[in-house]
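Novice: just a sequence and a predicted model for now, questions to come.
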Amino acid sequence: MPVSPDTFSGAFKPSETIATDITIIGGGIAGLWLLQHLCKLGYNAILLENSALGSDQSVASQGMIHGGIKYTLSGLLTGASEAIADMPEYWRQCLRGEGDVDLRGCKLLSDHFYLWSSANTTSRLSTFFASKATRGRVDKVSGKQLPALLQVPEFKGSVYKLVDMVLDVPSLVHQLAEPLRSRIFQIDWQTAQFQPQSDGSHAIVIGNGARHLLLTSAAMVLTAGRGNGPLLQQLGASSPAMQTRPLQQVLVKHRHPHAFFGHCLGRETTPRVTISSHACGDGSQVWYLGGALAEKGASQSRAELIRCAQREMRELLPWVDLSDAQWATLPVERAEPLQRNFARPDQAYAAWAGNCENVIAAWPTKLTLAPNLSTQIVDLLTKKGIEPTYSSPIILPLETPSMAVPPWQELFGET
Ligand SMILES: Cc1cc2nc3c(=O)[nH]c(=O)nc-3n(C[C@H](O)[C@H](O)[C@H](O)COP(=O)(O)OP(=O)(O)OC[C@H]3O[C@@H](n4cnc5c(N)ncnc54)[C@H](O)[C@@H]3O)c2cc1C
C-alpha cells in the first residue's frame, strides 16, 4: 500500500529519526526465520516487505526439507549432500517445539519422500544406497511398504524411502510471521529510499518531501531473494553478485486419489521429475512437478512444456488417468549468490556487502537451509560487535503485508 506523506502526521513528527538494531529487507523464509532468531536473542529487529510475505520463491517451492540424498544421484556423497544431511532432524525438533524456532502449528504434508526409478537406472545407485555412506538416510521399500500410487501390478521399478519431509510452506510462512506481526511492515520503494550516512553506513528514508522518517540500523540484512540484486545496485555495493536460475514448474489438478511426494530418477544426476501434492478444497489435488522437467522447461513455451509433462506422466505412471486434468505452468527463478560456471551453490550464503558499512546480503539457496543462513548472519553480526540491545520494539507508520497465495491456488482459483 502506498505511503502518503500524511501518514506521518500522526505517530511521528516530521523528519524524526528512529533507530533499530537490525532491519531485514525481504519477508520470504530467509527473512522471517532470521527475524524470529534475532528477536529471540534480544535484538531489536524489524522486517520490511514490498509485496506479500513468502512471495517469489518461498511459497512457490516444493516444501521439501531434504537431507541431501537428491545430490548423490551420481553415486557419490557431494558437498551439497553433506552440507544438508542433518537438516530434516533439525526441522523435526522445531516442529515438535523443541528447536530454536517454534514451528508447532506448521502443517506437515509428508514425513517422508520417495525416490523411484521405473527402469534399471538405479542399478548404479543400489550398491551406493546399500553402503554405510547413506545408512539411516535411505531405505529400500517394496510390497505393502510402497507408496499407494506405486502399489499397482504395472509398477516394476525400485523405490527408496528418504528421511526427507515436506512442509506446507504457506502454513510455515504464517507460523513464522504471526507472532512477530508488530515487527513486520509493508515498504513501498516509491516513497522510501536508501540514504548514505557520513559514517559509511546506510539508512532508509521513508516518506516524501519535508515530512519523512529516517530509519537507521546497526545492520541491514537483505533477504529479498531475486530482489537482492537490484537492492545491492541501489546501495552502490561492489559485491556480492547474484545469479538467477530459471525454472518453469508444471501444475496438474486432478481427481486421482493418491497424494505423492517423490523424485523419479532418470539417467541424469538431476531427478527426471519431482512431485509434491497439494490438496484443494474441492476434493481434488494438485501435483506440482519440478526437477529436470522444470529446468528444461524454463526455455519452452507453456504449451510445449505441458505436452512434455503429459508425455512424462503417461510414460512414468501409465495407470493414472489424467484425461480430465487441468494443466498450468509457473515460470519462477531461483536466486543465489553468483557461482563459478553458474553452478548450483551447496550452502547458505551471507556476507557483508562491499562498499556498504552496515549491509549484509544473504541467500539461503534452499528453504531447508534457512536456519543455517540465520546462524551465519548472527555470527557476522557478533564478529563485528553488533550485540542485542534488548530495547523496546519500534513502531513504524506502515501497514502489515499480507501472506502470499500459493501458485496452485492462484492458477486454479480458490482451493
Ligand atoms: C520451484 C522451486 C522449488 C523449490 N523447492 C525447494 C524445496 O523443495 N526445498 C528447498 O529446500 N528449497 C526449495 N527451493 C528453494 C527455496 O524456495 C528458496 O531457496 C527459498 O525460498 C529462498 O527464500 P528467500 O527468503 O531467500 O527468498 P524468497 O522466497 O524469494 O523471498 C524474497 C522476499 O523478498 C521480497 N522482496 C523482494 N524484493 C524486495 C524489496 N526490494 N523490498 C522488500 N522486499 C522485497 C519478496 O516479495 C519476497 O517476499 C525451491 C525453489 C523454487 C523456485
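Specialist: Received the coordinates, thanks.
Novice: which element follows the particular helix or strand that has residue 380 in it toward the C-terminus?
Specialist: Under the criterion of DSSP states H and E, residue 380 resides in helix 370-383. Elements were assigned by DSSP H and E; along the chain past helix 370-383, the next helix or strand is helix 407-412.
Novice: quick one: is the helix holding residue 380 near the ligand?
Specialist: No. Applying CB under 6 Å from any ligand atom, one finds helix 370-383 separated from the ligand by no less than 6.8 Å. Every C-beta, even on glycine, is put in place using the N, C-alpha and C of the backbone.
Novice: that helix packs against which elements?
Specialist: Where contact means 3 or more CB pairs under 8 Å, 6 or more residues apart in numbering; DSSP states H and E, helix 370-383 is packed against helix 29-41, helix 87-95, strand 213-222, strand 349-352, strand 359-363.
Novice: reformat these as CSV; add mean neighbour count and distance to the ligand.
Specialist: Shown next, in CSV, are those (neighbours: other CB atoms under 10 Å; distance: least, CB to the nearest ligand atom, whole Å):
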stretch, mean neighbour count, distance to the ligand
helix 29-41, 25, 3
helix 87-95, 19, 8
strand 213-222, 23, 8
strand 349-352, 20, 10
strand 359-363, 26, 5
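Novice: a markdown table for the ones you listed, including mean pLDDT and distance to residue 390?
Specialist: Compiled in a markdown table, those are given as follows (pLDDT from 0 to 100; distance: least, CB to CB, whole Å):
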| stretch | mean pLDDT | distance to residue 390 |
| --- | --- | --- |
| helix 29-41 | 97 | 9 |
| helix 87-95 | 94 | 24 |
| strand 213-222 | 97 | 13 |
| strand 349-352 | 98 | 23 |
| strand 359-363 | 98 | 21 |
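Novice: could you dump the ones you listed into JSON lines with distance to residue 265 added?
Specialist: Converted to JSON lines, the helices and strands packed on helix 370-383 look like this (distance: least, CB to CB, whole Å):
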{"stretch": "helix 29-41", "distance to residue 265": "27"}
{"stretch": "helix 87-95", "distance to residue 265": "20"}
{"stretch": "strand 213-222", "distance to residue 265": "37"}
{"stretch": "strand 349-352", "distance to residue 265": "28"}
{"stretch": "strand 359-363", "distance to residue 265": "28"}
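Novice: phi, psi for the residue of the stretch 101-250 of the chain at minimum distance from the ligand please.
Specialist: Closest approach between the stretch 101-250 of the chain and the ligand, counting by CB to the nearest ligand atom: residue 227, at 2.1 Å. Dihedral angles of residue 227 (phi, psi; degrees, to the nearest 10) stand at phi -70, psi -20.
Novice: mind listing what it touches?
Specialist: 25-26, 50, 56, 335 (CB atoms under 8 Å, 6 or more residues apart in numbering).
Novice: one more time with 7 Å, if that's ok
Specialist: Contact analysis of residue 227 by CB atoms under 7 Å, 6 or more residues apart in numbering lists residue 26.
Novice: domain parsing of this protein, as residue ranges.
Specialist: 5-58+172-241+339-404, 77-167+245-334 (automatic domain parsing).
Novice: reformat those as CSV; add distance to residue 411.
Specialist: Output for those, formatted as CSV (distance: least, CB to CB, whole Å):
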stretch, distance to residue 411
domain 5-58+172-241+339-404, 13
domain 77-167+245-334, 4
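Novice: just name the most buried of those.
Specialist: Scoring the domains of the chain by mean neighbour count under mean count of other CB atoms under 10 Å gives domain 5-58+172-241+339-404 as the most buried, with a mean of 19.
Novice: tell me where the chain has helices.
Specialist: 29-41, 79-83, 87-95, 123-130, 169-177, 228-235, 292-297, 302-316, 370-383, 407-412 (DSSP state H).
Novice: what parts of the stretch 101-250 of the chain come near the ligand?
Specialist: Contact residues (CB under 6 Å from any ligand atom) of the stretch 101-250 of the chain with the ligand: 187, 189, 223-225, 227, 231, 247, 249.
Novice: quick check: residue 261 vs the ligand, distance?
Specialist: According to CB to the nearest ligand atom, to the nearest Å, residue 261 stands 10 Å off from the ligand.
Novice: now residue 353
Specialist: From residue 353 to the ligand the distance is 14 Å (CB to the nearest ligand atom).
Novice: these two touch, right, that residue and residue 232?
Specialist: Yes. With contacts counted by CB atoms under 7 Å, residue 353 reaches residue 232, the gap being 6.1 Å.
Novice: can you list residues touching both of these two?
Specialist: Here residue 353 and residue 232 share the contacting residues residue 361, scored by CB under 7 Å, 6+ apart.
Novice: let me know the pLDDT of residue 127.
Specialist: Residue 127 is assigned 59 on the pLDDT scale.
Novice: returning to that earlier point: can you flag the weakest of the domains of the chain by average pLDDT?
Specialist: domain 77-167+245-334 (a mean of 89).
Novice: how far away from the center of its chain is that domain?
Specialist: Chain-centre distance of domain 77-167+245-334: 16 Å, with CA atoms, centre = their mean, to the nearest Å.
Novice: beta partners for residue 216?
Specialist: When assigned by DSSP bridges, residue 216 has beta-bridge partners residue 19.
Novice: ok, the closest residue to residue 115 other than its chain neighbours - contacts?
Specialist: The shortest distance from residue 115 to any non-neighbouring residue, by CB to CB, 6 or more residues apart in numbering, is to residue 160 (4.4 Å). For residue 160, the contact set (CB under 7 Å, 6+ apart) comprises 114-115, 129, 138-140.
Novice: out of these, who's nearest residue 268?
Specialist: residue 115 (13.9 Å; CB to CB).
Novice: I'd say that closest one and residue 264 touch.
Specialist: No. Assessed by CB under 7 Å, residue 115 is found out of contact with residue 264, at 8.2 Å.
Novice: shared neighbours of these two, anything?
Specialist: Between them, residue 115 and residue 264 share no contacting residue, judged by CB under 7 Å, 6+ apart.
Novice: who's the residue nearest to residue 261 when sequence neighbours are not counted bridged to?
Specialist: Nearest non-adjacent residue to residue 261, counting by CB to CB, 6+ apart: residue 110, 4.3 Å away. Beta-bridge partners for residue 110, by DSSP bridges, are residue 166.
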